[in-house]
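[1] sequence first, then the predicted structure:
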Amino acid sequence: MKAVVTVIGKDQKGIIAKVSNILFKNEVNILDISQTIMQDVFTMIMLVKFESKSVTLKQVADELDAAEKEMGLSIHIQREEIFTSMHRV
């Protein structure tokens with residue numbers, strides 16, 4: 001399964017490391033990544049693929065929610081097809 005991870009918040013050290021470590025621990029592979037800093041606002045979008053059938057989207061979302069609270073960010077993960085449907089122009 002593929003999913004899209006979005007991260008937005010005040011720029012600070014360790015954002016990419018924190019998110020990518022959560023993904024790594026859950027055998028989620030990063031297929032593509034785009035990140036930028038607009039003034040002091042960090043934004044990142046990742047296309048990821050779940051490599052293990054035993055890891056659920058909810059498990060990863062729960063860990064990302066904890067990181068979101070810890071770092072004061074907005075972090076969301078959605079199945080790729082839902083993200084694509086919601087963002088059609």
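    Received it, and whenever you're ready, just let me know what you need.
[2] model confidence for the nearest residue to residue 25 once chain neighbours are set aside, exactly?
    Closest residue to residue 25 apart from its sequence neighbours, by Cβ to Cβ, 6 or more residues apart in numbering: residue 63 at 7.8 Å. Bear in mind the C-beta positions are built from the backbone N, C-alpha and C, glycine included. Here, the pLDDT recorded for residue 63 equals 97.
[3] and the one 10 residues further on, by the same measure?
    You'll see residue 73 listed with a pLDDT of 97.
[4] contacts only, for it.
    Residue 73 makes contact with 7-10, 15, 42, 67 under the criterion Cβ atoms under 8 Å, 6 or more residues apart in numbering.
[5] among the residues you listed, who's most crowded?
    Greatest neighbour count in the contacts of residue 73, by other Cβ atoms under 10 Å, goes to residue 7: 23 neighbours.
[6] verify the stated contact: that residue with residue 71.
    No - when contacts are counted by Cβ atoms under 8 Å, residue 7 is not listed as touching residue 71 (9.2 Å).
[7] shared neighbours, these two?
    Counting by Cβ under 8 Å, 6+ apart, the residues touching both residue 7 and residue 71 are residue 15.
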